[in-house]
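turn this into a structure:
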Amino acid sequence: MSFAGFVRQLRLKIALVFVCLGCAAVPSVAQTLKVPFAALSPNYAPLWIADQAGFFKKQGLDVQLIYISAGSVIIPAILSGQVEIANMSSAPALTAWARGAELTAVGVASNRLLHVVMTRGSIKKPEDLKGKKIGSDRYGSFSDLVLREALRHHNLAPDRDVAVIQTGGLPERLGALKIGAVDGAIVTGDTAFEAEKLGFHKLIDLSQLPIQYPGSTIIVSKSFLSAKRDLVKRFLRGWVEGIKTAKNDKDLTVRVMQKFLKTSDRAILDKTFEVYKPTHERVPAPDPKVMGVAVKQLAATVPQAAHLKADDFIDRSLILELEQEGFISKVYEGR
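Okay, here's the model as predicted:
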């Protein structure tokens, strides 16, 4: 082979190497994830923001959000593999786990309760709820569980002293209150503010009670976490960016909430942002103590929970890795 021929072949090989390197640098097709969320509540704003602002896409994920208003419906979907990751209250997941479901909580955005019981002005104090009906979500849901705890705190026995009516999600509860189908309703976020504008008043403010509960929780099956740990971690990266934005970027957060909460009332949206921004955890790892309280409360209705430990339900490792690797501090730089 002539020297000129050798040079031509060498150039061709070098060109092929660069082509291969260029192909390797191109991101693979985004991984699709179906992610249900359990309520039209500002608790889920970090998830909505992560989707709308492209934070999941930055992690190579094509996240498809699905609104399913009942955690009891989401759980079978996770266990059957119809959905991969869910953002929901920990209550239905804890109940299923206590009964043997292989589920785990890998993140908790908030441990503070912002729910309120709204009633007509004629009901002046919690004791006046005796013999009345309160609208709630499905039995075993987050709202249902914390409502029952609040009633017990005021020495009212749920279902005996006060009828707890399963009226549905937040919009349905407000609707039932408006038409007089119930005497009160447990609501939160913009729904509570809307109820105030309609003339209802705050009878019980759960944020003022000694009750903590893990609310906006990321739930996965243990088998999915074991098989796709890196995928779950990438999802959490996008979610953490959504949390940071929900705490710091009012304009974007309000725009996203306007879309998902379906309200254009700027006063309500502004107030919602201010109320919720301090509740989102900067490092959203599940808190063993708070989850332990939830497990203890669950034992009242699911006796086998009395023998279980919260540590066996939670996995803090992914969020703590993001913190140790500097990802979270980098996200919050300058904030």
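
check which helix or strand L318 maps to.
Here L318 sits within helix 317-324, counting by DSSP states H and E.

that helix - contacts with which helices or strands?
Contacts defined by 3 or more Cβ pairs under 8 Å, 6 or more residues apart in numbering; DSSP states H and E place helix 317-324 against strand 103-108, helix 229-248. C-beta coordinates here come from the backbone N, C-alpha and C atoms, glycine included.

what's the following helix or strand after the last one?
Spelled out, it's helix 229-248. helix 250-261.

repeat that for the shortest one.
Reading on from strand 103-108 to the C-terminus, the next helix or strand found by DSSP H and E is strand 116-119.

which strands border the helix or strand just after that next one, and is each parallel or antiparallel?
Note on strand 116-119: by DSSP H and E, the next helix or strand toward the C-terminus is strand 133-136. Here strand 133-136 has these sheet partners by DSSP bridges: strand 163-166 (parallel), strand 184-187 (parallel).

show residues contacting strand 133-136.
By Cβ atoms under 8 Å, 6 or more residues apart in numbering, the residues outside strand 133-136 that reach it are 117, 143-144, 147, 162-167, 172-173, 176-177, 181-186.

domains in the protein, by residue range?
31-111+213-331, 116-208 (automatic domain parsing).

include mean neighbour count and mean pLDDT when you put the ones you listed into TSV, please.
Listed next are the domains of the chain as TSV, based on neighbours: other Cβ atoms under 10 Å; pLDDT from 0 to 100:
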stretch	mean neighbour count	mean pLDDT
domain 31-111+213-331	19	95
domain 116-208	19	92
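
picking up where we left off before, quick one: closest of the strands paired with strand 133-136 to M291.
Of all the strands paired with strand 133-136, it is strand 184-187 that lies closest to M291, at 21.7 Å by Cβ to Cβ.

and that closest one, how far from the chain's centre?
In terms of Cα atoms, centre = their mean, to the nearest Å, the centre of strand 184-187 is found 20 Å from the chain centre.

need the next SSE after it, C-terminal direction.
helix 189-197.

export that following helix to PDB, keeping only CA atoms.
Coordinates of each C-alpha in helix 189-197 appear next as PDB, following Å, rounded to 0.1, in the frame of the first residue of the first chain:
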ATOM      1  CA  GLY A 189     -54.900  25.200  49.700                       C
ATOM      2  CA  ASP A 190     -56.800  27.300  47.200                       C
ATOM      3  CA  THR A 191     -60.000  25.400  47.900                       C
ATOM      4  CA  ALA A 192     -59.900  26.600  51.500                       C
ATOM      5  CA  PHE A 193     -59.400  30.200  50.300                       C
ATOM      6  CA  GLU A 194     -62.200  29.800  47.800                       C
ATOM      7  CA  ALA A 195     -64.500  28.500  50.600                       C
ATOM      8  CA  GLU A 196     -63.600  31.600  52.700                       C
ATOM      9  CA  LYS A 197     -64.600  33.900  49.800                       C
END
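
what does the helix holding L318 contact?
106-107, 229, 232-233, 236-237, 240, 283-286, 328-329.

hey, what's the angle from it to helix 229-248? Just curious.
60 degrees (axes from the mean of the first three to the mean of the last three Cα atoms, to 10 degrees).
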